[in-house]
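# Predicted structure and sequence below. I'll ask about it afterward.
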Amino acid sequence: MFEFRFESGSGVPPYLQLVRQVEDAVRLGELRRGEQLPTVKEVARRLVVNPNTVQKAYRELDRRGVVRAKPGQGTFVTREAGGVSPERRTQLRASLARWLTEARAAGLAAEDVEALVSAVLREHRGDGNPRSGKENE
């Protein structure tokens, strides 16, 4: 069963933390199509939060097409992880972990690493090809 967690002091509203955790778990293949999320009551009890917070997260996930509520049955994942095979995803994750170890050993703080990764992602715009800034020429 999927386990939610809160990061207090993150500045991200609790319901959005839940949304991001589910979306990330689906992207990483940790949650698969057809899997059931814990009930609103279970999550609220475990995290000691208002059930409305969990319900708001589940509604947002439903709106985004990540889950679908089936009355009387529960809330189920409706998306699959995209992109690559689980084996390739494992290889890429290990490669990223090695790079992160190297970056931290070079003296980069977590915030520096996040900024660097964000910059490279912006440069690649999600398609794997760096942009020169001359797209409109």
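Perfect, thanks for sending it.

# Can you mark which positions in the longest helix along the chain are buried?
Longest helix of the chain, by residue count under DSSP state H: helix 86-105. Using 16 or more other C-beta atoms under 10 Å as the test for burial, helix 86-105 gives Ala103. Where you see a C-beta, it was placed from the backbone N, CA and C, and this is true even at glycine.

# now stretch 42-59
Taking 16+ other C-beta under 10 Å as the criterion, stretch 42-59 shows Val43, Ala44, Leu47, Val49, Thr53, Val54, Lys56, Ala57, Tyr58 as buried.

# Contacts for it, please.
3-6, 14-16, 18-19, 22, 37-38, 40-41, 67, 69, 75 (C-beta atoms under 8 Å, 6 or more residues apart in numbering).

# And the residues you listed, which of them are buried?
Of the contacts of stretch 42-59, these count as buried by 16+ other C-beta under 10 Å: Phe4, Pro14, Tyr15, Leu18, Val19, Val22, Leu37, Pro38, Val40, Val67, Ala69, Thr75.

# got the domain boundaries for the protein?
For the chain, automatic domain parsing gives the domain ranges 14-77, 86-124.

# Work out for me the element the residue nearest the centre of the chain sits within.
For the chain, Asp24 is the residue whose C-alpha lies nearest the centre (C-alpha atoms, centre = their mean; 1.9 Å). Assigned by DSSP states H and E, Asp24 belongs to helix 14-27.

# could I get that helix in PDB with only the CA atoms?
Extracted in PDB, the C-alpha atoms of helix 14-27 (Å, rounded to 0.1, in the frame of the first residue of the first chain):
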ATOM      1  CA  PRO A  14      -0.200  19.600   2.400                       C
ATOM      2  CA  TYR A  15      -2.800  18.700  -0.300                       C
ATOM      3  CA  LEU A  16      -0.300  19.600  -3.100                       C
ATOM      4  CA  GLN A  17       2.400  17.500  -1.400                       C
ATOM      5  CA  LEU A  18       0.000  14.500  -1.600                       C
ATOM      6  CA  VAL A  19      -0.800  15.300  -5.300                       C
ATOM      7  CA  ARG A  20       2.900  15.500  -6.200                       C
ATOM      8  CA  GLN A  21       3.700  12.300  -4.300                       C
ATOM      9  CA  VAL A  22       1.100  10.300  -6.300                       C
ATOM     10  CA  GLU A  23       2.100  11.900  -9.600                       C
ATOM     11  CA  ASP A  24       5.800  11.200  -8.900                       C
ATOM     12  CA  ALA A  25       5.000   7.600  -7.800                       C
ATOM     13  CA  VAL A  26       3.100   7.000 -11.100                       C
ATOM     14  CA  ARG A  27       6.000   8.600 -13.200                       C
END
